[in-house]
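>>> okay, structure incoming, though there's no sequence with it:
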């Protein structure tokens with residue numbers, strides 16, 4: 001169970017609390033453990049009956065009580081990066097080759113390898129509305145409870161090397177084939193943050209006699225009053241969970257149009273659909289059930305700069321394809337052996353508006369520069385055919401070249417520092 005591991009490691013990790021770097025930012029706990037338990041009681045995670053959840057909401061029924069609930073600060077990395085690579089893609093006139101640039105903004109990597117929690121992206125929509133604060137000793141206690149603070153055990157920078165080592169057959173998406181050996185990073189910023197969670201362990205009574213109680217761990221995002229609620233599903237729990245959902249019946253007329261009923265009924269229907277998907281997946285031994293909210297992506301591709309004549313890619317399809325690489329095995333390859341020696345790496349930045357603005361200004365100039373040179377390349381072919389005056393071409397060439405100096409000036413000093421350090425090795 002997820003919770004038991006967190007509880008067992010509390011004593012070990014409590015010694016490392018003061019070792020968090022000043023670069024680390026933490027999201028405060030917006031809800032208490034009591035609030036979390038009450039919220040879980042309104043979802044199918046531990047309360048299958050819709051009308052039981054309505055009674056719980058109205059205060060006429062107590063929410064199910066967990067055997068144990070632990071507040072946890074889960075370490076994570078937010079990533080901003082600009083990556084270049086060679087690729088080929090089909091066009092109306094055959095395959096074409098080119099060099100592409102992809103910009104990733106606010107992507108996510110886990111900072112710890114804690115069981116299946118590390119395979120969840122905590123980039124929930126409400127997280128972007130909250131502002132983290134520098135970690136301090138005051139955050140070690142939240143709502144009267146001591147927080148288990150997990151240490152950073154992964155670093156994100158090997159991701160680029162791991163991508164280079166992949167088989168080229170795995171790097172085919174939307175008809176585009178990527179050459180893994182050509183992948184390079186023009187800039188890579190990693191921001192260490194702490195995500196507040198509650199891990200609650202429940203023992204649910206079975207519906208049938210002579211059956212053992214059903215153990216379930218439920219995770220509650222605590223950065224917001226409406227964070228996601230995720231239930232761990234293991235072994236035979238999928239079928240057991242399905243059996244606890246009673247048949248759907250029409251509501252009493254007095255409840256049919258109420259917003260409360262519609263909200264709870266929509267949540268139940270989403271859970272039913274997800275259960276059907278899980279049961280259709282042969283060999284599924286474990287999964288996470290989103291009882292409030294939906295899964296979030298690991299990768300956020302802001303833009304892809306293409307050579308001329310390439311068709312515009314489906315960014316959502318590319319994002320979904322990249323997320324398939326976010327497996328427990330892949331995350332293990334980012335492990336540093338339990339000690340992060342490289343927090344002084346200049347590429348690790350505090351998650352502040354000033355830091356992000358500097359990085360994104362660099363990205364914006366890169367896109368404008370690429371667009372200008374792509375336009376210049378198109379003019380070059382027209383000039384060759386005598387369709388454009390030489391003076392006009394030279395003016396456009398000067399316009400494109402000005403982005404070279406602007407981009408150079410916009411390069412963050414810490415990236416220059418890191419580049420200089422690699423040249424000395």
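That came in fine, so what should we check first? Note that the structure is a prediction, hence the values are computed from the model and not measured.
>>> what about residue 173, neighbour count?
Residue 173 has 17 neighbouring residues, counting by other CB atoms under 10 Å. Where C-beta positions appear, they are placed from N, C-alpha and C, glycine not excepted.
>>> show me what it is bridged to.
The residues listed as beta-bridge partners of residue 173 by DSSP bridges are residue 176.
>>> what residues are up against the closest residue to residue 85 other than its chain neighbours?
Closest residue to residue 85 apart from its sequence neighbours, by CB to CB, 6 or more residues apart in numbering: residue 183 at 4.6 Å. For residue 183, the residues meeting the contact criterion (CB atoms under 8 Å, 6 or more residues apart in numbering) are 83, 84, 85, 160, 163, 164.
>>> quick one: buried ones out of these?
Burial by neighbour count, 16 or more other CB atoms under 10 Å: within those this picks out 83, 85, 163.
>>> ok, residue 112 to residue 66 distance?
Computed with CB to CB, to the nearest Å, the distance linking residue 112 and residue 66 is 22 Å.
>>> picking up where we left off before, identify, from the contacts of residue 183, the entry nearest to residue 232.
Taking CB to CB as the measure, residue 163 is the one of those closest to residue 232, at 29.8 Å.
>>> hmm, that closest one is touching residue 180, no?
Yes - the pair residue 163 and residue 180 passes the contact test of CB atoms under 8 Å, sitting 6.2 Å apart.
>>> return the set of buried residues in stretch 120-138.
If you call a residue buried by 16+ other CB under 10 Å, then stretch 120-138 has these buried ones: 120, 121, 122, 123, 124, 127, 132, 135.
>>> just those residues: which are in helices?
Among those, DSSP state H puts none in helices.
>>> looking at those residues, which is nearest residue 345?
So of these, ranked by how close each gets to residue 345 (CB to CB), first place is residue 135, at 18.1 Å.
>>> give me every residue that touches the closest one.
Contacts here follow CB under 8 Å, 6+ apart; on that basis residue 135 touches 20, 24, 25, 26, 194.
>>> TSV please, covering the contacts of residue 183 and showing secondary structure and distance to residue 419.
Formatted as TSV, the entries for these read as follows, by DSSP: H, G, I helix; E, B strand; the rest coil; distance: CB to CB, whole Å:
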residue	secondary structure	distance to residue 419
83	strand	16
84	strand	15
85	strand	19
160	helix	14
163	helix	20
164	helix	18
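>>> low-confidence ranges in the stretch 101-250 of the chain?
204-214, 234-250 (pLDDT under 70).
>>> all helices of it, in order?
Under the criterion DSSP state H, counting those that start in this stretch, the stretch 101-250 of the chain contains helices at 158-164, 237-244.
>>> which residues does residue 101 bridge with?
In this structure, residue 101 has the following beta-bridge partners (DSSP bridges): residue 84, residue 305.
>>> what's the neighbour count on it?
Using other CB under 10 Å, residue 101 has 18 neighbouring residues.
>>> torsion angles phi and psi at residue 355?
Summarising the backbone geometry of residue 355 under the convention degrees, to the nearest 10, its torsions are phi -60, psi -50.
>>> my read: it touches residue 189, true?
Yes - using CB under 8 Å, residue 355 and residue 189 qualify as a contacting pair, with a distance of 7.3 Å.
>>> what do those two both touch?
With CB under 8 Å, 6+ apart, residue 355 and residue 189 have common neighbours residue 349.
>>> between the two, which is the more surrounded one?
Neighbours per residue (other CB under 10 Å) separate residue 355 from residue 189, with residue 189 holding more: 26 against 17.
>>> so what pLDDT did the closest residue to the more buried one other than its chain neighbours get?
If the residues on either side of it in the chain are set aside, residue 189 comes closest to residue 80, at 4.5 Å by CB to CB, 6+ apart. As predicted, residue 80 sits at a pLDDT of 96.
>>> pretty sure residue 80 sits in a strand.
Yes - membership of residue 80 in a strand is supported by DSSP: H, G, I helix; E, B strand; the rest coil.
>>> let me see the contact set for it.
Contacts for residue 80 (CB under 8 Å, 6+ apart) come out as 104, 105, 106, 107, 187, 188, 189, 191, 356, 359, 360, 363.
>>> most surrounded residue in the residues you listed?
Neighbour counts for those were taken using other CB under 10 Å; the highest belongs to residue 189, which has 26 neighbours.
>>> what sits against that one?
Residue 189 sits next to 79, 80, 81, 347, 349, 355, 359, 412 when contact means CB under 8 Å, 6+ apart.
>>> distance of it from residue 299?
Remark: distance between residue 189 and residue 299 (CB to CB) = 15 Å.
>>> same thing with residue 158?
As it turns out, when the distance is counted by CB to CB, residue 158 lies 16 Å from residue 299.
>>> quick one: which of those two has more around it?
Set side by side, residue 158 and residue 299 show more neighbours around residue 299, with 24 against 14, by other CB under 10 Å.
>>> where's the closest residue to that one other than its chain neighbours, which helix or strand?
Excluding the flanking residues, the one nearest residue 299 by CB to CB, 6+ apart is residue 322, at 4.3 Å. Secondary-structure assignment from DSSP states H and E places residue 322 in helix 315-323.
>>> what does residue 398 give?
Going by DSSP H and E, residue 398 is in helix 390-410.
>>> over to residue 302?
Element membership of residue 302 [criterion: DSSP H and E] is strand 301-305.
>>> mind listing residues that contact that strand?
Defining contact as CB under 8 Å, 6+ apart, one finds that strand 301-305 is touched by 100-105, 313, 315, 318-319, 322, 363, 366-367, 370-371, 374.
>>> any buried residues in stretch 365-377, and which?
Residues of stretch 365-377 classed as buried under the neighbour-count rule (16+ other CB under 10 Å) are 365, 366, 367, 368, 369, 370, 372, 373, 374, 376.
>>> just the ones of those residues in helices?
For these, membership in helices holds for 365, 366, 367, 368, 369, 370, 372, 373, 374, 376, with DSSP H as the criterion.
>>> kindly reformat the residues you listed as a markdown table containing pLDDT and distance to residue 215.
Formatted as a markdown table, the entries for those read as follows, by pLDDT from 0 to 100; distance: CB to CB, whole Å:
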| residue | pLDDT | distance to residue 215 |
| --- | --- | --- |
| 365 | 90 | 54 |
| 366 | 88 | 51 |
| 367 | 84 | 50 |
| 368 | 84 | 55 |
| 369 | 82 | 56 |
| 370 | 78 | 53 |
| 372 | 75 | 60 |
| 373 | 70 | 59 |
| 374 | 70 | 57 |
| 376 | 71 | 64 |
